[in-house]
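Engineer: starting from these lines, generate the structure:
(3 chains)
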Amino acid sequence: MKNLKKIISVTAAAAMVMSTVAPVSVFADDATFKIGGIGPVTGAAAIYGQAVKNATELAINEVNEDGGINGYQVEFKFEDDENDAEKTLNAYNALKDWGMNILVGTVTSTPCVAVANETAADNMFQLTPSGSATECVANPNVFRVCFSDPNQGTAAAQYIGEHKLATKVAIIYDSSDVYSSGITQNFTAEAANQGIEIVSSEAFTADNNKDFSVQLQKAKDGGAELVFLPIYYTEASLILAQADSMGFETKFFGCDGMDGILGVENFDTSLAEGLMLLTPFAADSTDEKTQNFVKAYKDAYKDTPNQFAADAYDAVYAVKAAAEKEDVKADMDVADICAALEKGMTEITLEGVTGDEITWTEDGEPNKAPKAVEIKDGAYAAME
Amino acid sequence: MSSFISYLISGISLGSVYAIIALGYTMVYGIAKMLNFAHGDVIMVGSYVVYVAVSGMGLNPILAILLSIIICTLMGVVIEGVAYRPLRNAASPLAVLITAIGVSYLLQNVALLIWGADTKSFSNVISLPSLKLAGGSIVITGVTIVTIIGGILIMAGLMLFISKTKTGQAMLAVSEDKGAAQLMGINVNKTISITFAIGSGLAAIAGVLLCSAYPSLTPYTGAMPGIKAFVAAVFGGIGSIPGAFIGGVVLGILEIFGKAYISSQMADAIVFGVLIVVLVVKPTGILGKNIQEKV
Amino acid sequence: MEKKKLNKTTKSNLITYGMVLAAYLIVQGMIAGNLLSNLMQGLLVPLCVYIILALSLNLTVGILGELSLGHAGFMCIGAFTSAAFTKATMDTFTNAGLRFFVALIIGAVCAGIFGFLIGIPVLRLKGDYLAIVTLAFGEIIKNIINVLYVGIDSNGIHFSMKDQMSLGMEPGGKMLISGAMGITGTPRQSTFTIGVVLILVTLFVVLNLINSRDGRAIMAIRDNRIAAESIGIDITKYKLKAFAISAALAGIGGVLYAHNLATLTALPKNFGYNMSIMFLVFVVLGGIGNMRGSIIAAVILNLLPELLRGLSDYRMLFYAIVLIVMMLINWAPKAIEMRERLFSKFKKKEA
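Structural biologist: Prediction:
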């Protein structure tokens, strides 16, 4: 046993020595922007992180081909955070060691709040593509591309109320997820103002997300005319299949997390017929910008981009626009870049794939119109 | 009333999936006396094999399932030989448990690299029509029927195999006392290999049924059902084959009833709460043998 | 001369303390000399958290001889109770150091109480049954915290298991725990120094317990319950004592964890059974009952995925392989035999 300890300690010591040495920062002659990205690329949320990673990379390659930002080339590095608040700080620190001067991340809300606290302390500009919880952009240096959870919950209730889609609504949400419970809370609050009766509000958890028969049965028994699904499409695809097999015919309404359901490999899209969702991005939209993005993404990654990818793509171009507006130079100090971009973000109007004219307010929220789409014949169709 | 029956049926169909997974779990536990944490991940790999064979290569579903069973069986034998066997006589039985966790991570990450993180919708390979009762208000899906019948057949088959065949008897002997079995001329290594082969082959079948009932497939699909099945196996009395089946069905019904009549947010807490109560009252599970401790 | 000769256990314990202190001094030196990367600096507090958890679980697994798969649950209780306290008193309790200390006590005591309460029914069970019941408790705790809403306003503290609105709070009220969104805005007070002090405290508690009368009773129960019972050792009492202490130590780890992050949520990732299993991995890899081994294993297994960041997508795959290989090398009887042969050759050469 003693020898064993020796082996372990020697390995440990060697590992410590190799890892602890701080990288010597080398200032290259030609400075570049170093954009870092953080998100889960392993673990159960990997799909969102990979989408953001790919789309950010795609956008940065395009920017570089076009001559970079203000003449500077852009480097990109993405670190895995496994959707964990603690690991995300490791990812952030690893990126700092690399010399990051702008952060496009994080992908998911809980890590985003943890990292936002750090970027505020370091004066690092942060633009999260998809961190939707309210607290993500609490600090002045943090902006986001996606809608906030309260915004989506309220908008969905208003949309249903104004278009008289239903008066009796059931909700199925993920009570172990920040995004889902955030939307549900605000939807419920706004529903009362819209004269919508919530007949059932049933939850599931990350550990219990296979069988939805009870939640659907309660909705059915309550006479719901519409089922609101503020959840991600993985579970939604199961809910649609189970509703179909139990013979429950109703309308379904989702938020931006629902986008991607048509892209689920091998999914029977007829199940999603009539599904409505509020999303700023639709992969088969006919406008040129979206089509170019979708084509480039498909060529590079053999996959249809989802909402997360679109947010990340816009994020890079927002950083570019803000940097050009304020004439940010790559060799500026991180804090100076941050101050300039903070100012720039509120001045730009972005023609993005998630909105035609996106502007940002000082508190970091985007102004863009949520679009409601309905799935018809296996494709999105715009709703009035 | 009709919703009560629907809940009961949902519970049984969820439970029968747990039961089939639990059969594999309990088989390995009963003979090799180890918790194979990677069992859920073998299920996941088996499901991917069927998915690729059916949706990608256009293979006949029956052939695809056979292929999956063969691959999982081989995988089970290899995993046992490489990762578990060297630790069988380790100073603590926990060592092999930890390796099993390592294998579980390994399989998940290999699947992640091969098939990616995005959800695949598993096409139902069981084309049996649903059974509609009481004017369509109660629906029993074909998958549920197949799962229940399959579960009972597998349970009966395993019990027969163990009690009637020579290999089965060897397994029993090994589970009672490895050393004595060895002295009696039983090849312990071979017997445990066969156990893993059968357990993993069952995992392939469980995977097909799991993914047919709940058609979403990711590299992490097997993990939670694996743990639930482990709970079910303990519930029924771990090591007991009929116990695993009953434990699985009871667990499924409890989960659905907990969601339906108490709180959907607290479904997990309710299931685990009942488990604790059962184990505290009957510490070896529903059908577990009570072994008197001797000095 | 006899005086100077320390007894073997004391010597071994001193080496363990010394190792922690030496590591602390080296790291502090490296920070002062600006030699430590940001990544490593950020890892220091988490390392302390996991070392404490490994030590705490080793008390249950190695000394008490019972398998617990619910330690993340105790950590979770320590984390949430202390963070809620800090959040509630942030404006009124201005002495940050003292407030942290009180939070620490609260976290440890609450986790300890839960350990005691859970221990009463659970410790009657044995082996894998005990493991599964502790796993179940861990999952229950996580599940309940995910649906727990706690707010504070001028009327006092409000609880709900449904949603924020049913709290019926006054407009000026403050949310402490908002269900799945957990606790946000806890000040980051955990430092490496505090972490190391807490490791030393944990070590002190554990090592002293082992070498005390109680500890010997506990180990007697582990080695032969019936024999221990027959010489009049009160099994339930000692088992509960060890389990409650172990839970309280896990709670301390939780406090340190909670005060290192601006946001605290109870996800399967950080407080689920996977995390409990991870702690078990530290304990088994480091050697069951071997406290020094636990510390080293916790350090290696936490550094490993960070060191492997260069492999990007292959990182976790490698981690799994390394874990399996390390287990085989450390535990397989054949590997141990081979290693010993190798070492004895070396020793002969040296001689």
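
Engineer: elements contacting the worst-scoring helix or strand of chain B on mean pLDDT?
Structural biologist: In chain B, no helix or strand scores lower on mean pLDDT, DSSP states H and E than strand B:131-133, which sits at a mean of 76. On a contact count with 3 or more CB pairs under 8 Å, 6 or more residues apart in numbering or on different chains; DSSP states H and E, strand B:131-133 meets strand B:138-140. In this view, the C-beta of every residue, glycine as well, is placed from N, C-alpha and C.

Engineer: okay, now the sheet partners of the least confident helix or strand of chain B, with direction.
Structural biologist: The strands that strand B:131-133 pairs with in its sheet are strand B:138-140 (antiparallel) (by DSSP bridges).

Engineer: helix or strand right after the partner strand?
Structural biologist: helix B:142-164 (DSSP states H and E).

Engineer: so which bits of that next one are buried?
Structural biologist: B:142-148, B:150-151, B:154-155, B:158, B:161-162 (16 or more other CB atoms under 10 Å in any protein chain shown).

Engineer: run through who's touching it.
Structural biologist: B:9, B:12-13, B:16-17, B:19-20, B:23, B:27, B:124, B:126-131, B:167-169, B:171-172, B:198, B:202, B:205, B:209, B:212-213, B:241-242, B:244-245, B:248 (CB atoms under 8 Å, 6 or more residues apart in numbering or on different chains).

Engineer: select only the buried ones of those residues in PyMOL?
Structural biologist: To isolate in PyMOL the members of the contacts of helix B:142-164 that are buried, counting by 16+ other CB under 10 Å, one can use:
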select buried, chain B and resi 9+12+13+16+17+19+20+23+27+124+126+167+168+171+198+202+205+209+212+213+241+242+244+245+248
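
Engineer: so where do the strands sit in chain A?
Structural biologist: Counting by DSSP state E, residue ranges of the strands within chain A are A:33-39, A:74-80, A:102-105, A:125-128, A:142-144, A:168-174, A:197-204, A:226-229, A:251-254, A:276-279, A:359-360, A:366-367, A:371-376, A:379-382.

Engineer: centre of the chain to stretch C:108-128, how far?
Structural biologist: 15 Å (CA atoms, centre = their mean, to the nearest Å).

Engineer: hmm, who's touching it?
Structural biologist: Stretch C:108-128 is contacted by residues B:35, B:234, B:238, B:276, B:279-280, B:283, C:66-67, C:70, C:73-75, C:77-78, C:81, C:130, C:133-134, C:137, C:141, C:236, C:239-240, C:243-252, C:254-255 when judged by CB under 8 Å, 6+ apart.

Engineer: what of stretch A:266-276?
Structural biologist: A:165, A:237, A:240-241, A:244, A:251-254, A:258, A:261-262, A:372-378, A:383, B:51, B:55, B:120-123.

Engineer: among these, name the buried ones.
Structural biologist: Buried among the contacts of stretch A:266-276 by 16+ other CB under 10 Å: A:165, A:237, A:240-241, A:251-254, A:258, A:261-262, A:372-375, B:51, B:55, B:120-123.

Engineer: got the phi/psi numbers for the residue of the stretch 151-295 of chain B found nearest chain C?
Structural biologist: Closest residue of the stretch 151-295 of chain B to chain C, CB to the nearest CB: residue B:272 (3.7 Å). In terms of degrees, to the nearest 10, the main-chain angles of residue B:272 are phi -70, psi -30.
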